[in-house]
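Chemist: After the sequence you'll find the predicted model.
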Amino acid sequence: MIKIKIIITALLTTFILSSCAYEPVKPWHRDVLSKEMAQLIPDPLENESDEHIYFSKEAAKGGQGVGGGGCGCN
Amino acid sequence: MQLKKSQSIKQKLALASSALLLATPSISAEKKEAKITDVDKIGISQLYYTEEERVTVNKTQVLINKEINESNLVKFNYVYDTMSGASPNGRIYSVISDDNSITYTTASGSANTVANNSSGEGIEAWKTSFEDTRKAYNAEWEHEFFRTFKGVVGGGYSTENDYESKTFSGKFLLDVNQRRTTVTAGMSVSLDTVSPFGGVPEGSSVLTCHEFAAFRPTWLECDNIKTIFAPGDKVVKDYLIGVTQVWNRRTLMQFNFAFSTEDGYLTDPYKQVSLVSSELDGGELAVLHEKRPDTRNTQSLFYKVIHVPTDKIGLRGSYRLYWDDWGVIAHTFNSHIRYDLLSKVYVQAHGRLHWQGAADFFQPYVGADSGSLYHSSSRPNIISADSRLGELANITAGIKLGIKINKDSNASIRIEKLQTRYDNKLLPQLETLITQFNLYFKF
């Protein structure tokens, strides 16, 4: 239960920190968002592995993209 | 006055020139960073996945991204999995009230099954008795029609000893609002075939009947056991529309709505359900094959936010709400927090929390006696005791260490622990260890 609380707190902190004001960003001000850490999927190998693991263990799937192929794991 | 105005224009021009000069490195940095991230890149990965006393998976993956020219990019992805171990088949082999034990079946692809072993010895047998492999190939071609409009088409093929999948996909990405907003629309079609050892069983038919004929319900057809049929086919269509929005200089957001339709053989041919009797203190009278509906419609809403509060810290969080017409509702939170320790070294913490409710037709067993829990007065039409369709929570915590080897290559290693808690008390809590090593380099 404590673990769950810690994870929820971390997740909520992430969301709260990100809820900053909207500001129209010019193309030449996107240096920060061009960093690897700011990519939607910074590590495609890790992302593919995670998608496959959780697809095989849970009833829910998808949300991030389409395709990827089926498997006999679920 | 005229002179003053002229100076003012000069000043403005000078300021504009300075701004442009200052801006130029940023644009260059953006392009340079994008190149390292996306194109002319090879990625190699080795993953080791092990469930406590169950399944072990070794996964090797290779990706190649190659820019053909300024408008065309191709991506290849190859996966080779080896799997061994066992997973719960849904069946109960002993007295429910006294023993939380469950039976295990060998993974797909093995002819040696312990499904009929009700003594528990099979739990030892599965450890050495099965092995399956999966090979998956994916290719994508990305074409830029013009600066703000791209199309992507792809295809995939994966094969296991008893399973084959062919996938075709396509999507469009349109940049609007001075490229602050990207609108995405995509779809994919998967054509899958399952050919299990022993054939595809008739759904909810009897696999085996034990003795104790006196306690059998009238609907149990022990003299008419059917098991062998043709391979099962299914068609899965996925659709997605989404918007990615640059929120401010340090924040990016993504909203997706996805839905899918599945038609065909959606049952797991290896999953079973026990018919139990209170006359036997909850012991097993017979074993049935599971049966799921032939169609499934799923929907999900997905929200992701990326925030870079300082140059050394990157936060990535997402939430997915999933629901389908099988009655499953799921909430999934996912979060990564990255901290750049040094210019070439970073650490990243990962937390994931998934909770799902049970499918309408999930039940851990069938009660043979009227008045008993999960009693059925006729042969169940739709039924599954697959724990993955039951209520469960998955909690993941992990850490990753990344190193930039030089300007063209980087490596990382992550270790994560996944804990699965089932609402079904017959299933013990499951601990899984995930270790992955990744290497990327340019060519």
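Modeler: Yep, it's here.
Chemist: Which parts of chain B are helices?
Modeler: B:2-38, B:122-129 (DSSP state H).
Chemist: Those helices: lowest mean pLDDT?
Modeler: Here the lowest mean pLDDT among the helices of chain B goes to helix B:122-129, at a mean of 35.
Chemist: Any regions of the chain where pLDDT drops low?
Modeler: With no chain named, the answer covers chain A. A:1-20, A:68-69 (pLDDT under 70).
Chemist: sorry, should have said chain B
Modeler: B:1-38, B:93-130, B:226-229.
Chemist: tell me the phi and psi of the residue nearest to B:G327 when sequence neighbours are not counted?
Modeler: Leaving out its chain neighbours, the residue that sits closest to B:G327 by Cβ to Cβ, 6 or more residues apart in numbering or on different chains is B:D360, at 3.6 Å. Yep, even glycine has a C-beta here, placed from its N, CA and C like the rest. For B:D360, the backbone dihedrals are phi -60, psi -30 (criterion: degrees, to the nearest 10).
Chemist: so how many other residues sit close to B:D360?
Modeler: 13 (other Cβ atoms under 10 Å in any protein chain shown).
Chemist: swap in A:Y22?
Modeler: Around A:Y22 there are 12 other residues, counting by other Cβ under 10 Å.
Chemist: measure it to B:V246 for me?
Modeler: Look at A:Y22 and B:V246: by Cβ to Cβ, to the nearest Å, they are 10 Å apart.
Chemist: Determine if any part of stretch B:52-60 is in contact with chain A.
Modeler: Yes: counting by Cβ under 8 Å from any Cβ of the partner chain, chain A is contacted by stretch B:52-60 at B:K59.
Chemist: Just the C-alphas of that stretch, formatted as PDB.
Modeler: Only the C-alpha atoms of stretch B:52-60 are listed here, as PDB (Å, rounded to 0.1, in the frame of the first residue of the first chain):
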ATOM      1  CA  GLU B  52       9.200 -16.100 -10.100                       C
ATOM      2  CA  GLU B  53       8.900 -19.800 -10.800                       C
ATOM      3  CA  ARG B  54       7.000 -19.200 -14.100                       C
ATOM      4  CA  VAL B  55       8.100 -17.800 -17.400                       C
ATOM      5  CA  THR B  56      11.500 -16.700 -18.600                       C
ATOM      6  CA  VAL B  57      12.000 -14.700 -21.800                       C
ATOM      7  CA  ASN B  58      15.200 -13.700 -23.500                       C
ATOM      8  CA  LYS B  59      14.600 -11.100 -26.100                       C
ATOM      9  CA  THR B  60      17.000  -9.800 -28.700                       C
END
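Chemist: which residues touch that stretch?
Modeler: A:49, B:45-50, B:79-87, B:104, B:107, B:430-432 (Cβ atoms under 8 Å, 6 or more residues apart in numbering or on different chains).
Chemist: Narrow those residues to those that are buried.
Modeler: A:49, B:45, B:47, B:49-50, B:79, B:81, B:83-87, B:104, B:107, B:430, B:432 (16 or more other Cβ atoms under 10 Å in any protein chain shown).
Chemist: Taking the residues you listed, tell me the two that lie furthest apart.
Modeler: B:S45 and B:Y104 (28.9 Å; Cβ to Cβ).
Chemist: Please name the residues that touch B:V235.
Modeler: B:V189, B:S190, B:L191, B:D192, B:E262, B:D263, B:G264.
Chemist: partner residues bridging the spatially closest residue to it that is not a sequence neighbour?
Modeler: Nearest residue to B:V235, sequence neighbours excluded (Cβ to Cβ, 6+ apart): B:D263, at 5.1 Å. Under DSSP bridges, the beta-bridge partners of B:D263 are B:V235, B:T295.
Chemist: what about B:D263, neighbour count?
Modeler: Using other Cβ under 10 Å, B:D263 has 14 neighbouring residues.
Chemist: same question, B:F149
Modeler: Quick note: B:F149 (other Cβ under 10 Å) scores 13 neighbours.
Chemist: Roughly how far does the nearest residue in space to it that is not next to it in sequence sit from B:S387?
Modeler: For B:F149, ignoring the flanking residues on the chain, the nearest one in space by Cβ to Cβ, 6+ apart is B:L174 at 5.4 Å. Using Cβ to Cβ, we find B:L174 at a distance of 42 Å from B:S387.
Chemist: Phi first, then psi, for the closest residue to B:V328 other than its chain neighbours.
Modeler: Setting aside the residues directly before and after it, B:V328 is nearest to A:A59 in space (Cβ to Cβ, 6+ apart), at 4.5 Å. Backbone geometry at A:A59, expressed as degrees, to the nearest 10, gives phi -80, psi -20.
Chemist: Helices of chain A, start to end?
Modeler: A:2-18, A:44-57.
Chemist: quick one on the thing from earlier: okay but the residue nearest to B:G327 is in contact with B:D324, surely?
Modeler: No: using Cβ atoms under 8 Å, B:D360 is not in contact with B:D324, being 10.2 Å away.
Chemist: Thought B:G186 was touching B:S169, still the case?
Modeler: Yes: contact criterion Cβ under 8 Å: B:S169 and B:G186 qualify, at 6.7 Å.
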